[in-house]
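Peer 1: When you get a sec, could you give me coordinates for this:
(4 chains)
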2 protein chains.
Amino acid sequence: MSRVAAEKPITGRKRQRVTIADVARLAGVATMTASRALNRPEMVSEELKGRVLHAAAELDYIPDRAAGGLASGAGLALPVLVPTLHHSVYVQILEGLEERLPGAGYQLLLGSTDYSQEKEERLVEVFLGWRPSAVVLSGLDHSERTVRLLRASGIPVVEIMDLAVAGETGQPLDLNIGFSHAQVGGAVVEYLAACGYRQIAYAGTLTEIDPRSVRRIRGFQSALKRLGLPHHLTGRSDLPSSLAVGRDLLSGLLSAHPKLDAVFFANDELAAGALFECLRRGVRVPEDLAIMGFSDEEIASHLYPALTTVRIPRHEMGRLAADLLLARLSGSLNGQPPIDVGFEIMQRQTTRTPSLPAQEKP
Amino acid sequence: MSRVAAEKPITGRKRQRVTIADVARLAGVATMTASRALNRPEMVSEELKGRVLHAAAELDYIPDRAAGGLASGAGLALPVLVPTLHHSVYVQILEGLEERLPGAGYQLLLGSTDYSQEKEERLVEVFLGWRPSAVVLSGLDHSERTVRLLRASGIPVVEIMDLAVAGETGQPLDLNIGFSHAQVGGAVVEYLAACGYRQIAYAGTLTEIDPRSVRRIRGFQSALKRLGLPHHLTGRSDLPSSLAVGRDLLSGLLSAHPKLDAVFFANDELAAGALFECLRRGVRVPEDLAIMGFSDEEIASHLYPALTTVRIPRHEMGRLAADLLLARLSGSLNGQPPIDVGFEIMQRQTTRTPSLPAQEKP
DNA sequence: ATGAAAGCGCTAACAC
DNA sequence: GTGTTAGCGCTTTCAT
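Peer 2: Purely as a prediction, here's the structure:
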């Protein structure tokens, strides 16, 4: 009973947090019994369990996770770092993660890096202070310090949205689930070439900063070379992706390369912007120009003409990452090699049908 | 070098966390001095400060926020609950918040409620366990328990995206920054009526579940009544908003009310979907039908024709919420009444020009 | 099955 | 300035 409370006559002032000690007192048991009743009910008699649960409800008791974590040494937080929330891809990956992780008691901590390794490093530092049980990172490329910190922490790490391939990318820190961007670039070129296009451009933002873009372009260009097609057609912008930038990119490309017949954009937003610009200019798609996007966001299939793009399994990537993480955390997973979730070209109306000659208005 | 390592003969096993005690030992000072050097540098001599900082860097020391919070009683987390991350509105509000809050040492904890009060309640419960220093909520309508829990916690709360108005909405829990949805509904009707439209419909999702939608519709309908216009034209869907649902909503409305001449959609995504459907059907916008959205997301101005919509100051709302919160947390703010950030009708091409007769293709 | 003591990593409060 | 002590709220021992 009593504790100290009796000694401090009515502090009154600041609303005191309800602690497990309060619950225990109300239930007439030891603190430890209350703790057990709440966390490992099977270790406590029905009788006491009932009293404790009742008392907890009565007091609206909410356990202090920080204190619990401190005492048990357990990690509670699970930081997820994505480059941006403006691409629905990442929102959907998050949803995939959220399907499993919070249920297992982990709290997702969200951070956006804006495609900057420095910002990523700072976030990792902050989040590491929250006793994370694991970390989810986007991409395979991180600052030295980020890598060192993460290694030293000894916690599981999952890198998503890119695939570690020997010789092409660095080694993954730990778990890795994604797809090969180089492969995407190559596949798109092959597809467009099969459609009969010959003057094929790549257009994107952060083309030299974001390592995934770099690899996508590399795959794109080497496929072009292999096929004996011009591989110097590129549109770049350093602004963040937006419909407006997509339009500008298209305009720039069109005036720089009048003979252009196909453009692969780094994401659907840029492609959609370009499509809108074509509409205004009276450029016919796909008769005059083919446009391809990347990601298969919702808008792609609703545009008119509907956008040919590359589907990546974002939701699945999130779910899979969560599952692997859970397995690893429970100790039942070791030495898991990188997992390729692949991608798929979604053929729609902004490109001609492959292997067929150009067609006029369908 | 050496550190304690020598005393515990190679625990080897699990990587030990670097604590402030380790830093202090390396620097040859008391733990408390190390703590001060790190957190209140002005209280420590240059000499020792240097040694401590050096030691911390040397060891890659990362303070344990949970332990720090526990000891100081300070809140560290700052939960933000939004209905969804799929509307860029909320992403931008988040960005507004992130401009200030993390800099001030607070960690944003993100939760999405899916427009459900039950889910909101569960999230509040979870987040309260993280010793939040404040909470940001979307909307003014919460479950009883949510309100009770929040009240009992005694921490500041900001409700955004809706405006408390006596007689119309409930009282705000604490701080409130937003705009009146009823007023939006009314303003849209007045605008459309001024453009000469007479058969004006509202179309949205969750029309009876989301209290903000309910109030928007209420304002919409009473304005119609006031103007003597038909006010029963409504399209509803219980699916989450998407381009596809926008198209369906339009189709349904068109066949139910052939004389329809204007539709106000609950968000830009629905409106864009409807616009795409019009394109396919050959319905001319705005000649045959006016379309209006809500939110002014990026796509609105890039659509063709560009979408008339209602701009709400999301970024500003986030920033303002952060500022107020910071002020309140520092104790320099009391009894702040609700703040109306307003809204603005962005006239573009999917509606005729107000007060002018219908115009043919411009 | 239950309880008492100790301590997680840190900082407020009080010495010196 | 700097060090010492106590204790945040909880859970891990280790008794009983």
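
Peer 1: Return the residues in contact with residue A:271.
Peer 2: Residue A:271 makes contact with A:246, A:265, A:291, A:292, A:293, A:294, A:300, A:307, A:309, A:350, according to Cβ atoms under 8 Å, 6 or more residues apart in numbering or on different chains. No exception for glycine: its C-beta is placed from N, CA and C like everyone else's.

Peer 1: Looks to me like it is in a helix.
Peer 2: Yes - counting by DSSP: H, G, I helix; E, B strand; the rest coil, one finds residue A:271 located in a helix.

Peer 1: quick revisit: pull out the buried members of the contacts of residue A:271.
Peer 2: Among the contacts of residue A:271, those classed as buried by 16 or more other Cβ atoms under 10 Å in any protein chain shown are A:246, A:265, A:291, A:292, A:293, A:294, A:300, A:307, A:309, A:350.

Peer 1: my guess is the fifth one meets residue A:268, correct?
Peer 2: Just to be clear, that refers to residue A:293. Yes - counting by Cβ atoms under 8 Å, residue A:293 touches residue A:268, with 3.8 Å between them.

Peer 1: Spit out the residues that contact the two alike.
Peer 2: Common neighbours of residue A:293 and residue A:268 (Cβ under 8 Å, 6+ apart) are A:300, A:307, A:309.

Peer 1: of those, closest to residue B:251?
Peer 2: Ranked by distance to residue B:251 (Cβ to Cβ), the shared contacts of residue A:293 and residue A:268 are led by residue A:300 at 20.6 Å.

Peer 1: Quick check: the closest one touching residue A:268?
Peer 2: Yes - under the criterion of Cβ under 8 Å, residue A:300 makes contact with residue A:268 at 5.0 Å.

Peer 1: How about the residues of the stretch 1-150 of chain A by DNA strand C?
Peer 2: Proximity of the stretch 1-150 of chain A to DNA strand C (Cβ under 7 Å from any atom of the strand) is limited to residues A:29-33, A:36, A:43-45, A:47-49, A:67, A:70-71, A:73.

Peer 1: Point out where the stretch 251-362 of chain A drops to low pLDDT.
Peer 2: Applying pLDDT under 70 to the stretch 251-362 of chain A flags residues A:356-362.

Peer 1: Now do the helices in the stretch 51-200 of chain A.
Peer 2: A:65-72, A:88-100, A:117-128, A:144-153, A:181-194 (DSSP state H, counting those that start in this stretch).

Peer 1: how about those helices, which one is nearest DNA strand D?
Peer 2: Nearest of the helices of the stretch 51-200 of chain A to DNA strand D, taken as Cβ to the nearest atom of the strand: helix A:65-72 at 3.0 Å.

Peer 1: Identify the residues contacting that closest one?
Peer 2: So helix A:65-72 is contacted by A:74-76, A:107, A:131, B:64-67, B:69-70, B:76, B:129-131 (Cβ under 8 Å, 6+ apart).

Peer 1: filter those residues to the buried ones?
Peer 2: Buried among those by 16+ other Cβ under 10 Å: A:75-76, A:107, A:131, B:64-67, B:69-70, B:76, B:129-131.

Peer 1: thinking again about what came up before, now the helices of the stretch 51-200 of chain A as TSV including distance to residue A:22 and mean pLDDT?
Peer 2: Formatted as TSV, the helices of the stretch 51-200 of chain A follow (distance: least, Cβ to Cβ, whole Å; pLDDT from 0 to 100):
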stretch	distance to residue A:22	mean pLDDT
helix A:65-72	14	94
helix A:88-100	32	93
helix A:117-128	31	96
helix A:144-153	35	95
helix A:181-194	55	98
